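K.L.:
Got a sequence here, can you build the structure:
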Amino acid sequence: MTLAPVVNIAEICAQKGVENVVLSPGSRCAPITIAFARHGGFQVKTVSDERAAAFIALGMALTTGKPTVLVCTSGTAALNYAPAVAEAFFQRVPLLILSADRPPEWIDQLDGQTIRQQNVFGQHIKQSYTFPADFSHPDASWHSERMVSEALNEAINFPAGPVHINVPLREPFYPAPTEELKYNTQVKVIAEEAQAYELSAAQSLRLQEEILKYRKVLVLAGQDQEQEALLKSLHTFTESTGAVVVGDIISNIHQLPQAIRHQDIIFGNNDQEQLAKLQPDLLISFGKSIISKSLKVYLRKYKPKAHWHVQPAGQVADTFQSLTKIVRCLPQSFFTALAGSTRADEKFAAAWAAANRSAGNYLQKYTQGAPYSELPVVARVLQQLPPNSNLHLANSMSVRYANIVGLQAAQQVQVYANRGTSGIDGSTSTAVGCALSSPGITTLLTGDLAFFYDRNGLWHNYLPSNLRIVLLNNHAGGIFRLIDGPRQQPELEPYFETRQELNAENTARDFNMGYTSVHSLEELEKALPAFFSPEAGAGILEIFTASNANATAFDAYRTEGRKLRFR
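P.N.:
Reported below is the predicted structural model:
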């Protein structure tokens, strides 16, 4: 007989709005698996590799904004969730992890498939819970129902993140052949009204008065998903105050035509006189991480007089070593309240506009005339992305190239990247999760090491036809030839680049995906329209380049960029 409290985990999740469940096969987790599989209120997927399963769940939660449920068996299964759990924690993505476990009296008794699972995710989880192992007293059922509601509420409360319920289970794990599971539709569910996080009238007035002290106002957007209300309020604020707004490609503010999008080129410049003109006296930041190292280095060197970070709740990082104020509200509330409250220095805004214009012109000229290498390749790929589509950027050079190139407002492309922890380990799986829960085309831009590392993200029965993988294959960890330090060492090739001779043709065949390989810009331009066609189905476009040639071309790009004059 399956325990009713275990069955009702699924019912509570359904009533709390959960849509997606990702299971990994196992026997001890069978009661939880069957409860979700038979409920009928979920999109349930089975992925055997727990690491891939967790990143697929992450992609689903990123796209839907709702918690995805993960279910695994006891032992090391939950440990394989850890990379995605850490990413979800730092990227503020809601997940509910349900790990089956042996009952407490059998822990550390040399029994099989048993580890110490309580608090297994350490400090990279919002909250950990242990499900009751004994339901002889009615309070245990009340406790278990309350726990599931609390966990889901915690997962979505700002800052959102992963929560974990460890579920000790005794045999029998499977219902009798004729047994029907009974879901209690009257089960206890605790709703929680979200906090508004709006500025009060008094707070707005104080900030309106304080911002008058500053004439050179720079708004910096960190990683976030596109939000129409935020973009609208930010547009109104910058237009009415003359403030400058800058953001990486993962900030998704490229929908704003006035946004500065070429900061990597701008701050790679060597002319300190030009750079000094871009120094703000007030920095206003919001969102999460920043890709651009040159921007971070610049703001640490050319510190503003004041730095305000706008964030409703949670820990705030002092990334630029200049934080002076934390404003606890939604960014759109802040920008709406302060619209028209000051008028920035026109010379400051003009200097930024000139720098962005010069950098954009330089980038266009370079990518059009550069020899065949990865940066001009990425420029052509991003130009051809389907409108209203999703772009996932793998870590290492893929996300950096894309950040240099940027996107245009008219493209209406939503950008994702695992920049919570910036690992290469789950990029493919995360993109698959996004494609499974989004109707538009989802493109993954990835390198060879990241792609081959995560091939199991394709190992399941749900390959989405809207998935497109653009694979930059230079047969090595090419980033180590592009950054100072490793490329000057004799150990570069055997211990950093770790060269490999793989290609993705057999991988595409294994998973019944389309496959195209290109070796030149001409072949690439010919292949892209068909590759991005909605009728093409899931496919891999493998772009072969030489690591040495990429390094030479990228060095030339940076050398010329350092001498750029802002006009």
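K.L.:
these two touch, right, residue 250 and residue 415?
P.N.:
Yes: Residue 250 is within contact range of residue 415, at 5.5 Å (criterion: CB atoms under 8 Å). No exception for glycine: its C-beta is placed from N, CA and C like everyone else's.
K.L.:
And those two? Which one has more around it.
P.N.:
Under the neighbour definition other CB atoms under 10 Å, residue 250 and residue 415 were set side by side, and residue 250 has more, 27 against 22.
K.L.:
In terms of helix, strand or coil, where does that one fall?
P.N.:
Judged by DSSP: H, G, I helix; E, B strand; the rest coil, the three-state class of residue 250 is helix.
K.L.:
that older thread, common neighbours of residue 250 and residue 415, please.
P.N.:
Counting by CB atoms under 8 Å, 6 or more residues apart in numbering, the common neighbours of residue 250 and residue 415 are residue 393.
K.L.:
Span of stretch 315-332 from start to end?
P.N.:
End-to-end distance for stretch 315-332, by CA to CA, to the nearest Å: 19 Å.
K.L.:
so who does residue 222 touch?
P.N.:
So residue 222 contacts 247, 248, 251, 285, 286, 287, 288, 289, 290 (CB under 8 Å, 6+ apart).
K.L.:
let's go with 6 Å and repeat that
P.N.:
287, 288, 289, 290 (CB atoms under 6 Å, 6 or more residues apart in numbering).
K.L.:
Which of those fall within helices?
P.N.:
If you go by DSSP state H, these have nothing in helices.
K.L.:
got a winner among those residues for most neighbours?
P.N.:
Neighbour counts for the contacts of residue 222 peak at residue 290, which has 24 neighbours (criterion: other CB under 10 Å).
K.L.:
Show the pLDDT at that residue.
P.N.:
Note for residue 290: predicted pLDDT of 96.
K.L.:
What is the neighbour count of residue 99?
P.N.:
Quick note: residue 99 (other CB under 10 Å) scores 29 neighbours.
K.L.:
What residue, apart from its backbone neighbours, is nearest it spatially?
P.N.:
residue 78 (4.2 Å; CB to CB, 6 or more residues apart in numbering).
K.L.:
wait, doesn't the one you found sit right on residue 100?
P.N.:
No: with contact defined as CB atoms under 6 Å, residue 78 does not count as touching residue 100 (8.9 Å).
K.L.:
Report the residue spans of the stretch 301-450 of the chain with pLDDT below the cut-off.
P.N.:
Nowhere does the stretch 301-450 of the chain drop to pLDDT under 70.
K.L.:
where along it do the helices fall?
P.N.:
331-337, 346-369, 374-383, 397-405, 427-436, 448-453 (DSSP state H, counting those that start in this stretch).
K.L.:
care to break this structure down by domain?
P.N.:
According to automatic domain parsing, the chain comprises the domains 4-168, 201-355, 370-562.
K.L.:
packing partners for the helix or strand containing residue 517?
P.N.:
Using DSSP states H and E, residue 517 sits in strand 514-518. In terms of contacts (3 or more CB pairs under 6 Å, 6 or more residues apart in numbering; DSSP states H and E), strand 514-518 is packed against helix 521-531, strand 539-544.
K.L.:
Nearest to residue 172 among those would be which one?
P.N.:
Smallest distance to residue 172 across the helices and strands packed on strand 514-518 (CB to CB): 44.5 Å, for strand 539-544.
K.L.:
ok, and what's touching the closest one?
P.N.:
377, 468-473, 504, 508, 513-519, 531.
K.L.:
if you set the cut-off to 7 Å instead, what comes out?
P.N.:
377, 468-473, 503-504, 508, 513-519, 524, 527, 531 (CB atoms under 7 Å, 6 or more residues apart in numbering).
K.L.:
Whichever of the residues you listed end up buried, select them in PyMOL.
P.N.:
The buried residues among those can be selected in PyMOL (16 or more other CB atoms under 10 Å) with this line:
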select buried, resi 377+468+469+470+471+472+473+503+504+508+513+515+516+517+518+524+527+531
